[in-house]
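1. Next input, structure requested:
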Amino acid sequence: MLGCFLSGAVFSLPYFYEKLFPFAFLGLFCFFWLLKLEVLEKRRFRGILCFFLGFYLCLCSWFLAMYPLAAFGFTPFQAGLVIGFCCLFVPLKMALQHSFFLWLGKFLPQNPYLRAIGYGCLWVAAELSLHFGILAFPWGTVALSQTGFAPLIRTVSLFGSEWVTLFAVTFCALAVEAVKSKEQRMALVTSGVFILPLMAGYLLAMFPGSSQPATMQAAILQGNISTDEKWGENVSGEIFETYVTMTEEAAEKGAEVIVLPETAVPVNFREGGVIHETFARITKEHGCTVVMGIFRRVGEDAFNSMIAIDKEGKLSTLYDKRHPVPFGEYMPMGDFLEQVFPALAGLNPEGALTPGETTCYIENDDYRIGSYICFDSVFGGQEGASAGVDFTVVVTNDGWFEESAALGQHLRHAKLRAIESGKALLRAANTGISAIVDKDGSLLAHSSPMKKEILYGEMPLYENGTLYGIVGDVIPVFCILYLAALFGYAGVRFLRIRKKA
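-> Next up, the predicted model:
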């Protein structure tokens, strides 16, 4: 069991240090090697659970950086309860969920090739399951561990992030079978499984498929306003002036697109209101576009939204955040938890947010802009990849996490969204890391965390999309059909044997 736990911890290393991507393969190899041991035959589920506990407990350790939640006036004890819940219950929930799917591997056929692919499909199914429910948190995908492995991560543009999961898990399961069997044929097949996708990645780099793109001067505003300050009393005016001054500076230096972070000014945004008119004056004077995260109310509903103001001062369509953060923007089982822990009522300064149902982009006469707000960027981007956008914008506030590993991990999700769409991406983070991301996931420019600055850079405007934007989520569909066929055949065979007996 200790070996399984340590394998999970090794698997987590690339999530903290991007260049350690080989350790994801090492962790997976050790995991499947241990599953082949006789000692785990009768304790299979416990062994699998230990692996995922080792992984998720390490992965989610950055929750500790949120302590002591001073912005909400918690006592050290109350803050400890909330952080303890995040550090222990959330990993346990994800580990149990993931373990159930991998435990089903005991019913896969004994054929090593079918079995290895089956494990890859089960892992994809487990990752997909983490997208749903009141505590949806698909943070630890295999693809996220491989953003430092350029040849492999480029292939996300072909079949999406789930493809990387299917590839990595299948390869490692096959590698264990090849080593244990010592069969030359299986070794050759395993080598081919590893080499062919990497060749595809190299070819994508050599033949990008489009001519030299036009570029645009972009500026990203990182106000570095802490969470304690942002939602404090009587500070919205000061925050507003900070961003107006920074926007004017960026516009005067020739920025054509200026991006402000999530809910940049924490007051209700209205068309024709002070915020709109002030930034419209800047866009009209300098002929630029301002994209900003806003807070708005419609009746009893509160929305975390994104909007653009064009060079004529007109507003684009709206995008409303689709995935509010549990405990940060809405309270799961709120009535019950707030009765047990009354202090939790302070976790949502402006009340629970309403999930958005708008399109995945904002649009005006000049641009169609792919849109993600904070937690949205953690979820897959097939809809964004197929939307035909000119570029993508992610606005976020990661100030909760100080300078922990969460900053880099969240940025890597934005890299995956850029690769999926084949379009450049601008990421504006209140306290960092802000970045300009190229279509292959590389950083063209990035800011330092916990620092007030304006990030300038040239953003390419690519015309062509990606194969993934055309074919969509074929990998999850393949995995579901493959598992249904395997388990269906196994079920029919079991019934026949039982009938004969």
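2. ok, residues contacting the helix or strand hosting residue 372?
-> Using DSSP states H and E, residue 372 falls within strand 368-373. With C-beta atoms under 8 Å, 6 or more residues apart in numbering as the test, strand 368-373 has contacts from 262, 291, 293, 304-306, 308, 316, 319, 321, 360-363, 381, 384, 387-396, 414, 417, 421, 423, 425. Yep, even glycine has a C-beta here, placed from its N, CA and C like the rest.
3. again, only using 7 Å
-> The set of residues external to strand 368-373 that reach it, using C-beta atoms under 7 Å, 6 or more residues apart in numbering, is 262, 291, 293, 304, 306, 308, 319, 321, 360-362, 384, 387-395, 417, 421, 423.
4. Tell me which strands it pairs with, and in which orientation.
-> Using DSSP bridges, strand 368-373 pairs in its sheet with strand 361-363 (antiparallel), strand 391-396 (parallel).
5. May I have that strand as PDB, with CA atoms only?
-> What follows is strand 368-373, C-alpha atoms only, in PDB (Å, rounded to 0.1, in the frame of the first residue of the first chain):
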ATOM      1  CA  ARG A 368     -15.100  37.200 -31.900                       C
ATOM      2  CA  ILE A 369     -13.300  36.500 -28.600                       C
ATOM      3  CA  GLY A 370     -13.200  33.100 -26.900                       C
ATOM      4  CA  SER A 371     -14.200  33.600 -23.300                       C
ATOM      5  CA  TYR A 372     -13.200  31.800 -20.000                       C
ATOM      6  CA  ILE A 373     -13.600  33.200 -16.500                       C
END
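6. Quick one: mean pLDDT over that strand.
-> Regarding strand 368-373, the rounded mean pLDDT is 97.
7. Which strands and helices lie in contact with the next helix or strand after that strand?
-> Toward the C-terminal end, the helix or strand that comes next after strand 368-373 (DSSP H and E) is helix 382-385. On a contact count with 3 or more C-beta pairs under 7 Å, 6 or more residues apart in numbering; DSSP states H and E, helix 382-385 meets helix 405-421.
8. change it to 10 Å
-> strand 368-373, helix 405-421, helix 467-471 (3 or more C-beta pairs under 10 Å, 6 or more residues apart in numbering; DSSP states H and E).
9. Comparing those, which comes out most buried?
-> strand 368-373 (a mean of 26; mean count of other C-beta atoms under 10 Å).
10. From the chain's centroid, how far away is that one?
-> Its chain's C-alpha centre and that of strand 368-373 lie 14 Å apart, by C-alpha atoms, centre = their mean, to the nearest Å.
11. Tell me what angle it forms with helix 405-421.
-> Angle of strand 368-373 versus helix 405-421, following axes from the mean of the first three to the mean of the last three C-alpha atoms, to 10 degrees, is 150 degrees.
12. ok so, going back, for ChimeraX, write the selection for the buried entries among the contacts of strand 368-373.
-> Filtering the contacts of strand 368-373 down to the buried ones (16 or more other C-beta atoms under 10 Å) takes a single ChimeraX command:
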select :262,291,293,304,306,308,319,321,360,361,362,384,387,389,390,391,392,393,394,395,417,421,423
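13. So for residue 3, which of the strands paired with strand 368-373 sits nearest?
-> strand 391-396 (37.6 Å; C-beta to C-beta).
14. Figure out which of the strands paired with strand 368-373 is closest to residue 274.
-> Closest among the strands paired with strand 368-373, using C-beta to C-beta: strand 391-396, at 20.2 Å.
15. Mean confidence (pLDDT) on that closest one, please.
-> Here the average pLDDT along strand 391-396 is 97.
16. Distance from that strand to the middle of the chain?
-> Its chain's C-alpha centre lies 13 Å from the corresponding centre of strand 391-396 when counted by C-alpha atoms, centre = their mean.
17. just for the stretch 301-450 of the chain, where's the confidence low?
-> Low-confidence segments of the stretch 301-450 of the chain, defined by pLDDT under 70, are located at 327-328, 330-351.
18. Could you rerun that using 50?
-> Along the stretch 301-450 of the chain, segments meeting pLDDT under 50 span 349.
19. what does the chain give?
-> Using pLDDT under 50, the chain drops low at 349.
20. longest helix of it?
-> helix 474-500 (DSSP state H).
21. name the helices or strands packed onto that helix?
-> helix 112-129, helix 156-159, helix 161-181, helix 467-471.
22. Save those as JSON lines, and put in distance to residue 40 too.
-> Shown next, in JSON lines, are the helices and strands packed on helix 474-500 (distance: least, C-beta to C-beta, whole Å):
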{"stretch": "helix 112-129", "distance to residue 40": "15"}
{"stretch": "helix 156-159", "distance to residue 40": "32"}
{"stretch": "helix 161-181", "distance to residue 40": "13"}
{"stretch": "helix 467-471", "distance to residue 40": "37"}
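23. Out of the ones you listed, which is closest to residue 244?
-> helix 467-471 (36.7 Å).
24. Could you export that closest one as CSV, CA atoms only?
-> Taking C-alpha atoms only, helix 467-471 is exported to CSV below (Å, rounded to 0.1, in the frame of the first residue of the first chain):
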residue,chain,number,x,y,z
LEU,A,467,-8.7,19.3,-36.2
TYR,A,468,-10.1,19.1,-32.6
GLY,A,469,-12.3,22.0,-33.4
ILE,A,470,-13.8,20.1,-36.3
VAL,A,471,-14.1,16.5,-35.0
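25. just how off-centre is it within its chain?
-> For helix 467-471, the distance to the chain centre is 19 Å (C-alpha atoms, centre = their mean).
26. Give me the residues contacting it.
-> Helix 467-471 is contacted from outside by 155-161, 163, 204, 209, 380-389, 419-423, 474-475, 477, using C-beta atoms under 10 Å, 6 or more residues apart in numbering.
27. Nearest spatial neighbour of the residue nearest to the spatial centre of the chain, chain-adjacent residues omitted?
-> Residue closest to the average C-alpha location in the chain (C-alpha atoms, centre = their mean): residue 378, at 2.2 Å. Spatial nearest neighbour of residue 378, excluding adjacent residues (C-beta to C-beta, 6 or more residues apart in numbering): residue 413 at 5.1 Å.
28. if I pick that neighbour, what's in contact with it?
-> Residue 413 neighbours (C-beta under 10 Å, 6+ apart): 138-139, 141, 143-144, 147, 161, 372, 375-381, 394, 396, 427.
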